[in-house]
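[1] I would like to see how this sequence folds:
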Amino acid sequence: MAFDLPRGVITPVQHVDVRLDSTPHPFELRNRDAIAANWEREHAANPALFNGRMVLLSELALRGTTLTGRCHPVNYATMLYFRKNKGDADIEHSFAFPALVSSDNKLVAIRMAQHTANPGRVYFAAGSFEPADFVDSRCDVPANMMREVMEETGLDISKAATDSRFHIYSIDSSTVIFRRYWLNRDAHSIARSIESFVATEQEPEIEGPVVIDGIGEKPAGMAAHMEAIIDWHFAQRR
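    Presented below is the predicted three-dimensional model:
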């Protein structure tokens with residue numbers, strides 16, 4: 001199967017069937033020494049980095065309206081090395097974006113804090129899939145979305161209305177799975193709540209909220225997948 005995906009186009013997905021394979025990722029095995037050396041450099045430059053566990057894909061394909069794939073647990077150090085050394089045919093990255101939509105139809109994203117691995121980057125509150133996101137070895141995408149939003153913004157989106165299906169957007173060896181969450185508050189109110197939460201955190205993951213209205217210039221520092229999702233959202237009707 002390897003990677004058989006539409007690239008550079010937003011595509012609807014009805015089901016996500018991505019499984020966790022507990023065996024080591026072949027990329028991590030092949031590059032063990034280089035990964036360790038790169039981690040030493042990265043961690044020396046930014047001691048706040050944490051070499052926790054996440055997953056990287058060895059297969060991902062769209063079959064009809066089902067996204068199916070296989071991933072393996074890896075150290076975060078492997079991700080840092082991979083994103084500098086893309087090109088191998090047996091590894092890619094996938095992550096989930098819960099796109100928060102305010103009652104006045106604005107998108108509420110976040111800007112990452114300077115001590116993180118993505119300082120100053122703008123995207124929807126999100127994080128890579130972790131082994132804990134898999135139930136009976138199958139990825140629970142909504143659980144990942146809800147956890148990451150809560151951890152980074154303090155917002156509980158568990159009862160928010162959502163799109164009836166996911167969408168994917170795949171570029172540069174990475175695939176975002178995204179879904180809109182419709183909140184019953186205007187963007188100003190949501191942003192103030194996030195700012196209040198960030199102010200209580202000893203070492204917050206984010207600098208604060210970024211409101212996107214689809215009218216003015218897009219914010220500086222956007223993650224690679226963001227522009228396409230923003231343009232798509234403001235071209236849609238709910």
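
[2] sec struct for the closest residue to His25 other than its chain neighbours, please.
    Using C-beta to C-beta, 6 or more residues apart in numbering and skipping the chain neighbours, the partner closest in space to His25 is His72 (3.9 Å). C-beta coordinates here come from the backbone N, C-alpha and C atoms, glycine included. Under DSSP: H, G, I helix; E, B strand; the rest coil, the three-state class of His72 is strand.

[3] can you tell me which residues contact the closest residue to Arg185 other than its chain neighbours?
    Leaving aside its chain neighbours, Arg185 sits nearest to Ser103 (5.9 Å; criterion: C-beta to C-beta, 6+ apart). Neighbouring residues of Ser103 by C-beta atoms under 8 Å, 6 or more residues apart in numbering: Trp182, Leu183, Asn184, Arg185, Asp186.

[4] Confirm for me that the residue nearest to His25 is in contact with Arg19.
    No. His72 lies out of contact with Arg19 (C-beta atoms under 8 Å); the separation is 10.2 Å.

[5] Mind checking which of those two has more residues around it?
    Legend: neighbour count by other C-beta atoms under 10 Å for His72 and Arg19, higher for His72 (21 against 14).

[6] that older thread, got the contacts of Ser103 as JSON lines, with neighbour count columns?
    Shown next, in JSON lines, are the contacts of Ser103 (neighbours: other C-beta atoms under 10 Å):
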{"residue": "Trp182", "neighbour count": "16"}
{"residue": "Leu183", "neighbour count": "20"}
{"residue": "Asn184", "neighbour count": "10"}
{"residue": "Arg185", "neighbour count": "16"}
{"residue": "Asp186", "neighbour count": "15"}
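
[7] just checking, which of those residues belong to strands?
    Trp182 (DSSP state E).

[8] about what we covered before: residue contacts, the residue nearest to His25?
    Here His72 is in contact with Leu20, Asp21, Ser22, Thr23, Pro24, His25, Glu28, Val55, Leu56, Leu57, Ser58 (C-beta under 8 Å, 6+ apart).

[9] switch the cut-off to 10 Å
    Counting by C-beta atoms under 10 Å, 6 or more residues apart in numbering, His72 touches 20-29, 55-58, 78, 91, 131.

[10] Then Gly120?
    Each residue near Gly120 by C-beta under 10 Å, 6+ apart is listed here: Arg111, Met112, Ala113, Gln114, Glu207, Ala220, Gly221.

[11] Repeat that for Leu57.
    Residues near Leu57 by C-beta under 10 Å, 6+ apart: 2-3, 18, 21, 25, 27, 69-72, 90-94, 129, 173-175.

[12] mind running it again at 6 Å?
    Contacts for Leu57 (C-beta atoms under 6 Å, 6 or more residues apart in numbering) come out as Gly69, Cys71, Glu92, Ser94.
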